[in-house]
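1. Structure, please.
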Amino acid sequence: MSHQPNDESDLSWLGKPIDARPLFGPELASLLDLLGGLRRNEWSRAAVPGWSVHDLAAHILGDYHGRLGWSAESHQRARAAGETLEAFIHRVNQEWIDLHADHSPAELIEALERAGTQVARQFEGDDLDATGLGVSWAGADPAPKWLDIAREFTEYWTHRQQIRHATGRETDLEPNTLSTVLDTFMRALPHTLRHTPAPAGTQLQVAIDAPAVGTWTVTATADRWSLAEAPSGRPATSVRLDPETAWRLCTRGIDPCTAFVRARISGERQIAEAACQIVSVVY
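-> Sure, this is the predicted structure:
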């Protein structure tokens with residue numbers, strides 16, 4: 001199997017479309033409820049390396065504003081010569097946080113409610129079959145709009161969990177939302193395995209336990225791994241994860257070695273090890 005450049009007209013290897021559009025409103029409500037209940041000293045707690053809860057809330061606001069004024073052309077023009085996508089994103093994120101460092105929690109919450117509501121309305125009217133922004137961790141550039149939207153939803157959800165953890169709260173394991181998040185994250189599997197050789201027809205099955213029950217089968221084809229092929233027979237490799245391990249692995253809240261130890265694995269170890277390198281964020 002040799003990896004070939006993406007055919008922009010055929011992205012079926014990404015699997016069946018996901019419709020995350022109805023989830024943005026409830027996700028915003030959950031975020032506002034969380035932030036509104038924080039004590040003042042909790043806003044200064046470390047949420048992710050280098051960022052406090054206040055910083056992360058400002059970052060979410062920046063994501064909202066980015067989507068409200070984002071376009072492929074403006075995105076390309078904003079990058080400096082020779083600047084990688086990852087470097088561009090990290091630079092712009094930090095600049096936005098620095099700009100909002102003096103905003104009070106109340107001001108941030110008000111701004112988040114206003115911008116988040118606009119984002120939810122914008123996504124409601126989007127065509128899932130249209131072309132969206134690229135999703136680098138899935139190896140799709142451009143990506144179908146459904147994946148672009150679903151990716152955006154997972155970012156908001158992940159940041160809310162990071163705030164929850166920073167303030168002593170556990171992950172919100174609401175099954176419907178968590179299932180959508182993990183379904184989106186698993187679209188990184190074909191890209192994750194792109195350098196893993198296997199005979200055509202070889203299948204890897206990744207399963208997630210309750211409360212976010214799901215199974216994804218990725219198949220080696222002549223030129224790539226694909227989520228579009230129907231499961232057939234016994235997979236060469238099976239990897240089963242609990243939901244907490246799965247989402248934290250995909251967002252690098254834990255490292256691949258830790259996830260591999262926690263996973264229940266059968267079949268070819270090399271493919272399982274490669275699958276546990278999955279990352280579903282710009283990292």
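
2. looking at the protein, which helix or strand does the model trust least?
-> Of all helical and strand segments in the chain, the minimum by mean pLDDT, DSSP states H and E falls on helix 72-78, at a mean of 47.

3. Quick check: which ranges of the stretch 151-283 of the chain have low pLDDT?
-> Screening the stretch 151-283 of the chain residue by residue with the criterion pLDDT under 70, one finds no matching range.

4. Okay, helices next: where are they in it?
-> All helices of the stretch 151-283 of the chain, identified by DSSP state H, counting those that start in this stretch, fall at 175-185, 189-192, 243-250, 256-262, 269-275.

5. Now distance to Arg67 and mean neighbour count too, for the ones you listed, in a markdown table please.
-> C-beta: built from backbone N, CA, C; applies to glycine. Conversion of those to a markdown table gives the following (distance: least, CB to CB, whole Å; neighbours: other CB atoms under 10 Å):
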| stretch | distance to Arg67 | mean neighbour count |
| --- | --- | --- |
| helix 175-185 | 16 | 20 |
| helix 189-192 | 23 | 24 |
| helix 243-250 | 21 | 23 |
| helix 256-262 | 30 | 16 |
| helix 269-275 | 30 | 19 |
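
6. Tell me which of the ones you listed lies nearest to His165.
-> When the helices of the stretch 151-283 of the chain are ranked by proximity to His165, the top entry is helix 243-250, at 9.5 Å, counting by CB to CB.

7. what packs against that closest one?
-> Under the contact criterion of 3 or more CB pairs under 8 Å, 6 or more residues apart in numbering; DSSP states H and E, the helices and strands touching helix 243-250 comprise helix 175-185, helix 256-262.

8. and it with helix 175-185, angle?
-> On the basis of axes from the mean of the first three to the mean of the last three CA atoms, to 10 degrees, helix 243-250 is oriented at 30 degrees to helix 175-185.

9. how much distance is there from helix 243-250 to the middle of the chain?
-> The chain centroid and the centroid of helix 243-250 are separated by 11 Å under CA atoms, centre = their mean, to the nearest Å.

10. would you put the C-alpha positions of that helix in CSV?
-> Listed in CSV are the C-alpha atoms of helix 243-250, where the atom choice follows Å, rounded to 0.1, in the frame of the first residue of the first chain:
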residue,chain,number,x,y,z
PRO,A,243,-14.2,7.0,26.5
GLU,A,244,-12.0,8.9,28.9
THR,A,245,-8.8,7.4,27.5
ALA,A,246,-10.0,7.8,23.9
TRP,A,247,-10.7,11.5,24.0
ARG,A,248,-7.7,12.4,26.1
LEU,A,249,-5.5,10.4,23.7
CYS,A,250,-6.9,12.2,20.7
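
11. now Leu178: how far from Ala210?
-> Using CB to CB, to the nearest Å, one gets 10 Å for the distance from Leu178 to Ala210.

12. any shared contact partners between these two?
-> Pro243 (CB atoms under 8 Å, 6 or more residues apart in numbering).

13. can you redo the helices and strands packed on helix 243-250 as TSV with distance to Ile149?
-> Conversion of the helices and strands packed on helix 243-250 to TSV gives the following (distance: least, CB to CB, whole Å):
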stretch	distance to Ile149
helix 175-185	9
helix 256-262	27
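
14. Grab the nearest non-local neighbour of Phe24.
-> Distances taken as CB to CB, 6 or more residues apart in numbering put Ala120 closest to Phe24, at 3.9 Å, once the chain neighbours are dropped.

15. count of residues packed around that neighbour?
-> As a burial measure, Ala120 scores 19 neighbours (other CB atoms under 10 Å).

16. the strands in the stretch 101-250 of the chain, which residues?
-> 203-208, 214-220, 225-226, 237-241 (DSSP state E, counting those that start in this stretch).

17. can you name the farthest residue from the center of this protein?
-> Among the residues of the chain, the one whose C-alpha is farthest from the average of all C-alpha positions is Gly233, by CA atoms, centre = their mean at 30.0 Å.
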